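Enquirer: here's a sequence, model it:
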Amino acid sequence: MTPFPTQTTTQTTFDRRELSEILNIYGRMVAAGEWRDYAIDFHRDKAVFSIFRRASEVPLYRIEKNPALTRKQGAYSVIAATGLILKRGPDLARVLRVLDKSLKLVVS
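Expert: Residues are numbered from 1 along each chain as shown. Predicted coordinates for the structure are as follows:
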């Protein structure tokens, strides 16, 4: 018997493909001067990628992966600074489109 029980703590993380998709849009927005910093947090129940305009502020957006919601609403969500869920779904690329502020042609 060991004096301290060993616990295996599993964390929810982003895989390489997911990080690539997130960093792709992050890089474009940094190049446009919109965003400047980010943070990644791994918890037991979810992984969070926070996007900041400045490091000293609250995050503008949070991209969350919550595997417990996979069968219900989708594991991925984009959340604004106010807590409003902007987009939620099972496909990360589709969820991230809410952050892509590319120019659109307006015809009048």
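Enquirer: can we go C-alpha only for contacts and neighbour counts from here?
Expert: OK.
Enquirer: ok, longest helix in this protein?
Expert: helix 16-31 (DSSP state H).
Enquirer: now the element after it, going C-ward?
Expert: Downstream of helix 16-31, the next assigned helix or strand under DSSP states H and E is strand 37-42.
Enquirer: let me see the mean pLDDT of that next one.
Expert: Strand 37-42 shows a mean pLDDT of 91.
Enquirer: give me the residues contacting that strand.
Expert: Defining contact as CA atoms under 8 Å, 6 or more residues apart in numbering, one finds that strand 37-42 is touched by 11-13, 47-55.
Enquirer: list only buried entries from the residues you listed.
Expert: Among the contacts of strand 37-42, those classed as buried by 16 or more other CA atoms under 10 Å are 12-13, 47-53.
Enquirer: got those as CSV, with pLDDT columns?
Expert: Output for the buried ones among the contacts of strand 37-42, formatted as CSV (pLDDT from 0 to 100):
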residue, pLDDT
Thr12, 85
Thr13, 84
Ala47, 92
Val48, 93
Phe49, 94
Ser50, 93
Ile51, 92
Phe52, 92
Arg53, 86
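Enquirer: by contact count, what packs against the longest helix of the chain?
Expert: helix 92-96 (3 or more CA pairs under 8 Å, 6 or more residues apart in numbering; DSSP states H and E).
Enquirer: buried stuff in the helix it packs on?
Expert: Within helix 92-96, the residues scored as buried using 16+ other CA under 10 Å are 92, 95-96.
Enquirer: strands - which of the buried ones among the contacts of strand 37-42 land there?
Expert: Judged by DSSP state E, those include 47-52 as members of strands.
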